[in-house]
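>>> Take a look and give me a structure for this.
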Amino acid sequence: MISLIGLIILVFIDQVAKRFAETYLKGTEGIDLIPKVFRLQYLENFGAAFGSLQHATVFFIVLTSACLVVILCVFVRIPLEKRFVPLQVVAVFFTAGAVGNFIDRLTHRYVIDFLYFVLIDFPVFNIADIYVTCSSVVFFILFLFYYKEEDFSFLKRG
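So this is what the prediction gives:
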């Protein structure tokens, strides 16, 4: 139940931020928060990471739906033990990111991006992207250094 509440809160934060970006940044040159370093800049992203696969909306909807089903199947099998709390948190953040961008694709046919590191000319991104990226990195670290192969035996059960 706590995971579901966390998921709803994270998606809400992402969606509210995107609505603010749409309302206050669309049609503007953006807002420099730290001149020549970081700015808020509205962008409609019809592709995936770094602008790849432009206008493949149906593909992204199908792929995200499949990923969400897999994540749900894994999540319900994660043991309710203290050792697996980090894995549960990672799953919630990853799912929130996937759902946040999924909502955009369903409602707009594109994802609203608005965070831009000018200093390194990094592609414009959003809060859902942060959820997915950070949770993926944390999962990788957990997989390498915290969990052992036998910790994932819960995935093998019928």
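>>> how many neighbours does the residue nearest to residue 10 when sequence neighbours are not counted have?
Among residues not flanking residue 10 along the chain, residue 96 sits closest, at 3.5 Å (C-beta to C-beta, 6 or more residues apart in numbering). No exception for glycine: its C-beta is placed from N, CA and C like everyone else's. The tally of other residues near residue 96 (other C-beta atoms under 10 Å) stands at 24.
>>> mind checking how far the one helix or strand residue 96 maps to is from the chain centre?
Per DSSP states H and E, residue 96 falls inside helix 85-108. On the basis of C-alpha atoms, centre = their mean, to the nearest Å, the separation between the geometric centre of helix 85-108 and that of its chain is 5 Å.
>>> In that helix, which residues are buried?
87-88, 90-105 (16 or more other C-beta atoms under 10 Å).
>>> pLDDT score assigned to the residue nearest to residue 10?
pLDDT for residue 96: 97.
>>> any idea how far it lies from residue 20?
The gap separating residue 96 from residue 20 is 18 Å, by C-beta to C-beta, to the nearest Å.
>>> So for the chain, the centremost residue is which one?
Centroid-nearest residue in the chain: residue 97, 2.2 Å away (criterion: C-alpha atoms, centre = their mean).
>>> Surely that residue is in contact with residue 132?
Yes: using C-beta atoms under 8 Å as the test, residue 97 is close enough to residue 132 to be in contact (3.6 Å).
>>> burial count for residue 41?
By other C-beta under 10 Å, the residues close to residue 41 number 18.
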